[in-house]
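Colleague: Task: produce atomic coordinates for the following.
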Amino acid sequence: MGVLVRRFVLAVLVLGLPVFAGAAVAATPAEIFVQQSVDRGVQVLTDKSLSPAEKKAKVEGLLGTIMNTRKLALFCLGNAAKTADPADTDAFADAFAKFTMARYASQLGEYGGQSLKVTGSTDRSATDHVVTAVLVDPAMPNDPDPVKVLFRVLSDGDTYGIVDASIAGVWFGMAQRDDIQGFLSTNNNDVKKLTERMNQMAANLKAGT
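Modeller: Sure, this is the predicted structure:
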């Protein structure tokens, strides 16, 4: 999963770079959400006045506002989300969010000037949208077969949040769910133990270990 994770991280991080919607197609609200997220992120990724620690903190804060990590956390828990104590579920969702943000922030060194070009979007329902984009690498500006990225965006009124992303046909959320389900299956579905593990991994990432 190493290459997949790096590509996913790059796809999320380059939400801080200009995204160009097709000129012949009016931007949908979901595409506008991605565009606005991009405009905010570029200020972080290209701000040379920020120290590495400050940049990591700002990236975590930004991603925390554009990603719906709770929805993804509950998806990854699967049936355990229905049987666990609500307080344990909430604690896991919080730990999952911290780990996710720390994981992305720890990968800032992977960023090499890539950008995203939005090519369109589809609506699965009135509140479920998939924004399509391609990863543009400055080292291969004319790549005839760029990496395809899909962002699943959920909306609630005027609020939008990214819940998952697909890189080259592989959905990150599904891979994450498999990892978490594997942990639960070997630990008696102990959500508290899973939460402890998530918190420890987040702490390790922040410490650079």
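Colleague: which residue ranges form the strands in the protein?
Modeller: With DSSP state E, the ranges of strands along the chain come out as 115-125, 128-136, 147-156, 159-167, 170-171.
Colleague: Who are the packing partners of the longest one?
Modeller: Looking back up the chat, that one is strand 115-125. helix 29-45, strand 128-136 (3 or more Cβ pairs under 8 Å, 6 or more residues apart in numbering; DSSP states H and E). To be clear about C-beta, it is placed using only N, CA and C from the backbone, and glycine gets the same treatment.
Colleague: Would you mind writing the CA trace of the shortest one as CSV?
Modeller: It refers to strand 128-136. Output of strand 128-136 as CSV, limited to C-alpha atoms (Å, rounded to 0.1, in the frame of the first residue of the first chain):
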residue,chain,number,x,y,z
ASP,A,128,-23.2,12.5,-2.8
HIS,A,129,-20.8,13.7,-5.5
VAL,A,130,-17.7,12.4,-7.2
VAL,A,131,-15.2,15.0,-8.6
THR,A,132,-12.8,13.7,-11.2
ALA,A,133,-9.3,15.0,-11.7
VAL,A,134,-5.9,14.1,-13.0
LEU,A,135,-2.6,14.5,-11.3
VAL,A,136,-0.3,16.7,-13.2
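Colleague: And it, what's buried?
Modeller: Buried residues in strand 128-136, counting neighbours by 16 or more other Cβ atoms under 10 Å, are found at 129, 130, 131, 132, 133, 134, 135, 136.
Colleague: So the fourth one versus residue 63, what's the distance?
Modeller: According to Cβ to Cβ, to the nearest Å, residue 132 stands 20 Å off from residue 63.
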